[in-house]
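generate coordinates for the sequence data below:
(chains A, B and C)
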Amino acid sequence: MLLTTGILGAILTANLATGNGAYRAYAASLNATAHKTKTIPAFARKYGLRCSACHTAWPELNAFGQAFRDNGYQLGNERDSPIFQNPTYLPIALRITPQFHEESTTNQVVDAVPGDSSIKVQRRLTTHGVDLSGMDFWTAGTLYKDISFVLLFSSDNLASFHFESAFIRFDNLAGSPWLNAKVGKFELDNLISEKRFLFLSNNGGLYQSYHFAPIGDNNGFGIGDNQLGVELAGHNVGSYTRYTASILSSSDGQPGLVTGNSYDGFFTFSQAFQVPSLGVERIGAYYYLGQMPTVYRTSGGAPIAGSGVDNKTFYRVGLAGDLYAGPIEVLPFYMHARDDPFLGTSTPGNQALPAGARGPQWNAEFVETHEYVNARFVLTQRAEFVRMAQQAIPGTPTNVGDIDAYSLGLRWMPFMFSRAGLALHSEYSLVRTVGGAPLSGDGVGTPPLTPTTNVWSSSLLFAFDFAF
Amino acid sequence: MMRTFAILGVALLSASAPAPYMAGSVTGTITFTGTPPKMKPIDMAKEPSCAKQHATPIETENVVTGPNNALQYVVIYVSAGDQGSETPATPVHLDQKGCQYIPHVVVMHTAQSLEIANNDQTSHNIHPLPTKNPEWNKSQPPGSPPIVTKYENADFIPVKCNVHPWMHGYHIVLATSHFGVSGNDGTYTISGLPPGKYTLTAWHEKFGTMTQDVTVGAQPAKADFQFKATPY
Amino acid sequence: MRLFLIALVVAATTVQAQPSILGGTREDFRRYCAGCHGNAGDAQGENADWVDPKPRDFTLATFKCRSTPSGTLPTDDDLFHTIKRGLVNSNMPSWKPLPDETVMNLVAYIKTFSPRWKTEKAGTPIPVPPEIPVTADDILAGRALFQKMECWKCHGPEGRGNGPSASTLTDSKDQPIKPFNFAASSRFKCGTTNQDLYKIFLTGLDGTPMPSFADNFKGDDAWHLVHFLRTLQQAESPEKVVWTEWLSTHQGQLKPIGPEGQ
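Numbering: from 1, shown residues only, chains lettered A, B, ... in the order given. Sure, this is the predicted structure:
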């Protein structure tokens, strides 16, 4: 995904140049609304179900859809093997979102006189127009009974493609739903999935918590980035109880073995239960323990990809929930995070830390709510806060790097069908970053001149989100 | 004087006699014009115990014709003008013999008892497909007692045996006891009708329905029906 | 202009219907069920043409999986369990993850599609006596019943769904239908347990060629047949263990099932 490649690009550049990897916003060429398809009309076509059977409002899954996914994209009625489909059925779906949007960010550092870089000022920059999103080209399904696959071929809005997900999954090992194994590149088993959420704008189309790194930190890892690894997952029938245990390469999902030889671990557990007259409630916990190399061997001064050493660790831990009160859904999330001081100060492991450097720690939380007026109309809101608890360099003001993010949106689907989907999507998102460029943004993001300045970035989006 | 009284008495008695004493009837002949479809011989090789009961294979019975373009298995019944009728206490019988429903069309009153016997050496399942009554499906092995059932609502019910797919019949359930079924010569009789005006409906499983008004008096009324036959 | 657009979005998001109007069972039916079963419950959903076997037509109130005699309406429990369990070898999923309340409301909604529910009461569930122990004799008795009741005519001598009448079977809507293949699955159309299987042939699968054998079984006959049918399946079961052991010591003693066995 564009964020992934952008941030990894930043990591590598930062590591190799031992410079300041604080510039989070990606280059202008990666300007696009985040596109994270996990809706697959191909499943609706295969099984003859409307999208709404599995999705509260596509792409978000309901409890039935979650069980279908956990079962390896199988309904379990002895009709899942591809031999039961017409040979011309191809499990392919695609999604793209033509849109009008406006992006506006305050306190951007620009030349006072265009072309003359001697004097810099801070200005609000605004741009709007009709635009494209990236595109997702999806194929997923069963190779055989209890062997399934996913391939998500994803592009930015300039049709530059990469593999967002690609994995094979062995389901119901030993005949038990408690043992399923997935190998490849896949989304981490976050209870609240960023890939299947209901926001699309530049500022709203991501969870800050899932990608945040403090200013001055060169750890490009995000729990919302798809990772390369092996996942063991299990669930009971109906998926009310679920666990996963994954071992991931410490590459933040970048293929090609370009980082080092280290591995991360990710563990989740969640339990759902029914509350009469309210619905199915799910709460879960997660823990990610990771490491990043901080030094690359060089040859003739040029870094050798894949030779990363001097790993430094980090962790992410927290709780999440998916709670229903009839047609109202509440998604609370909490994270506590810590990066190693070397990562927090972008210091290679073979050099000395700045005096008094500590591992940065932060807490992030959000609450998101949805109201399902009916199966084709949903209203969404979110408020998210990232608060630094401990800065890496002593003396840094406590709130440098803090983020507040707000989103309001609605999705209306003119039809709810089994072959294809269309959603008319409106969204307004507002993000305040202290002393830094917005995590996403209009691609022109720069940090402000002083570390305690608030940078406000807003996105206004009217989009036609369709999938076939 | 006595003679006058006697004549008056007889006249009075006959004038006040209740209507059934003067019940009339309707008869008629059912024929067709045009070309009916050809009935096909039934291959009972899958059921040897039935196949050997027929020296030559029997034919399907969707359209059974007789001499002089007669049409058999047409149900003629009073569809209007009836004063109401009671469910007869005696049951109607249907037999399964030689893997055939005998008769092909069995007619009964609503809620009248229907007894279905299996006189073959093989199991049959009786599977009626009603639209106005519940659908049911029961197995009947050889030697088991007759299945006794009834239908509450008037209906024209195709019946089949799933094990022997060539077996087709009809259970006709009527809200009147005034009905008749045409024989192979096409004739039918409906008796026990009080005098009056009635509408008769004639139903054939393939050629649809026709109606005709008839007036029943002292003499048997006549109502013929002529169906338009089509080859398919 | 920006303020206006923002206000528009905010206004749109604050149009919040009261919870009593939001959702509702009709919405749930359209969300989960109507794609196949049709908005009017008449099996005319947009996917019905592409689905085999066809979806249930609720307007006829004829249901396969019941605990009540053939020709009678199922109980609410029957419908609830059918929805939660799904129907194997069909497109009807197991809706187990849905809240129980949602499913109970859907059962009540399904009953509004046919007038029969207003005039008839649900049938009386058939009694299911306690299961008898599995023995070789009991399985042999079941095998004899399989022969005598002529199950093999549709289901085939080995229960593979390839009996002499299998190819001509049609359901009540004249759609071709295949008899159950015991060798292919470890589950049954209406459940997974021996009790579920017991109920299937005592109530028949209404709407299909599978009749009710309620009038034809006496005493422990039905349990004998259940135990024999388990030996036809691929999955391991206590019945298979007993049967395999008996077979190993009684080679060649059995008459084959089928026309020769009569």
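
return the helix or strand in chain A with minimum mean pLDDT.
Least confident element among the helices and strands of chain A, by mean pLDDT, DSSP states H and E: helix A:2-17 (a mean of 36).

CA atoms only: put the lengthiest strand in chain A into CSV for me.
Identified as the longest strand of chain A according to DSSP state E is strand A:302-325. The C-alpha trace of strand A:302-325 is given here as CSV (Å, rounded to 0.1, in the frame of the first residue of the first chain):
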residue,chain,number,x,y,z
ALA,A,302,26.5,1.9,-0.3
PRO,A,303,24.2,0.0,2.0
ILE,A,304,23.5,-3.6,1.2
ALA,A,305,19.8,-4.4,1.3
GLY,A,306,19.0,-7.3,3.5
SER,A,307,22.0,-6.9,5.7
GLY,A,308,20.3,-5.1,8.5
VAL,A,309,21.8,-5.7,12.0
ASP,A,310,21.7,-4.1,15.4
ASN,A,311,18.0,-4.8,15.9
LYS,A,312,16.2,-2.6,18.4
THR,A,313,12.8,-3.6,19.8
PHE,A,314,9.4,-2.0,20.1
TYR,A,315,6.0,-3.1,21.2
ARG,A,316,2.4,-2.2,20.8
VAL,A,317,-0.2,-3.5,23.2
GLY,A,318,-3.8,-2.7,23.8
LEU,A,319,-7.5,-3.5,23.7
ALA,A,320,-10.3,-3.1,21.2
GLY,A,321,-14.0,-3.6,21.0
ASP,A,322,-16.8,-4.0,18.5
LEU,A,323,-20.1,-3.3,20.4
TYR,A,324,-23.6,-3.2,19.1
ALA,A,325,-26.8,-1.6,20.5
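
how far off centre is that strand?
12 Å (CA atoms, centre = their mean, to the nearest Å).

can you name the element that comes right after it?
Using DSSP states H and E, the helix or strand that follows strand A:302-325 in sequence is strand A:328-339.

for chain B, which spans come out with low pLDDT?
For chain B, the stretches flagged by pLDDT under 70 are B:1-2, B:4-22.

which residues in it form helices?
Assigned by DSSP state H, the helices in chain B fall at B:2-16, B:48-51.

and the longest strand of chain A with strand A:328-339, angle?
If you take axes from the mean of the first three to the mean of the last three CA atoms, to 10 degrees, strand A:302-325 sits at 150 degrees to strand A:328-339.

go through strand A:302-325 and flag the buried ones.
For strand A:302-325, burial by neighbour count (16 or more other CB atoms under 10 Å in any protein chain shown) applies to A:303, A:307-308, A:310-316, A:318-324. C-betas here are computed from N, CA, C, even on glycine.

other SSEs contacting it?
Contact partners of strand A:302-325 among helices and strands, from 3 or more CB pairs under 8 Å, 6 or more residues apart in numbering or on different chains; DSSP states H and E: helix A:2-17, strand A:279-299, strand A:328-339, helix A:341-344.

now do the helix or strand just after the shortest one: distance to the chain's middle.
So the one you mean is helix A:341-344. Downstream of helix A:341-344, the first helix or strand assigned by DSSP H and E is strand A:361-374. Computed by CA atoms, centre = their mean, the chain-centroid distance of strand A:361-374 equals 14 Å.

give me the sheet partners of strand A:361-374 and which way each runs.
Next to strand A:361-374 in the sheet, as set by DSSP bridges, lie strand A:328-339 (antiparallel), strand A:377-390 (antiparallel).

now that strand: buried residues?
By 16+ other CB under 10 Å, the buried positions in strand A:361-374 come out as A:361-362, A:364-366, A:368-374.

same thing with stretch A:103-120?
Under the neighbour-count criterion of 16+ other CB under 10 Å, stretch A:103-120 has A:103-108 buried.

now do the helices in the chain.
The chain I'm using is chain A. For chain A, the helices defined by DSSP H cover A:2-17, A:41-47, A:51-54, A:63-70, A:341-344.

looking at chain C here, not the other one
Under DSSP H, chain C gives helices at C:2-14, C:25-28, C:34-37, C:76-85, C:100-110, C:116-119, C:136-148, C:152-155, C:194-203, C:221-232, C:238-249.

pLDDT below threshold where in the stretch 1-150 of chain C?
C:1-23.

what residues does it have near chain B?
Contact residues, the stretch 1-150 of chain C versus chain B (CB under 8 Å from any CB of the partner chain): C:60-62, C:70-73, C:116, C:120, C:148-150.

which of those residues has the most neighbours?
Among these, C:T62 has the most neighbours (other CB atoms under 10 Å in any protein chain shown), with 27 neighbours.

isn't it up against B:E135?
Yes: judged on CB atoms under 8 Å, C:T62 makes contact with B:E135 at a distance of 4.9 Å.

which residues do the two both contact?
C:172, C:206-207 (CB atoms under 8 Å, 6 or more residues apart in numbering or on different chains).

also within reach of chain B: list those from those.
Within the shared contacts of C:T62 and B:E135, those near chain B by CB under 8 Å from any CB are C:172, C:206-207.

list just the nearest of those residues to chain A.
Nearest to chain A among those is C:G207, at 18.2 Å by CB to the nearest CB.

which ones are touching the closest one?
The contact partners of C:G207, by CB under 8 Å, 6+ apart, come to B:135, C:56, C:60, C:62-64, C:171-173.

where's the residue of the stretch 51-200 of chain A found nearest chain B relative to C:C154, distance?
In the stretch 51-200 of chain A, the residue that lies nearest chain B is A:E78 (23.4 Å; CB to the nearest CB). According to CB to CB, to the nearest Å, A:E78 and C:C154 sit 20 Å apart.

higher neighbour count, these two?
More crowded of A:E78 and C:C154, by other CB under 10 Å: C:C154, with 23 against 16.

touching, the more buried one and C:A166? I think so.
Yes: with contact defined as CB under 8 Å, C:C154 counts as touching C:A166 (5.4 Å).

what's the burial count for A:A159?
Neighbours around A:A159, by other CB under 10 Å: 9.

give the contact list for it.
The neighbours of A:A159, taking CB under 8 Å, 6+ apart as the test, are A:M135.

and the gap between it and A:P348?
Where A:P348 is concerned, A:A159 sits at a distance of 36 Å (CB to CB).

could you identify the most distant pair in the residues of the stretch 1-150 of chain C next to chain B?
C:R116 and C:K148 (34.7 Å; CB to CB).
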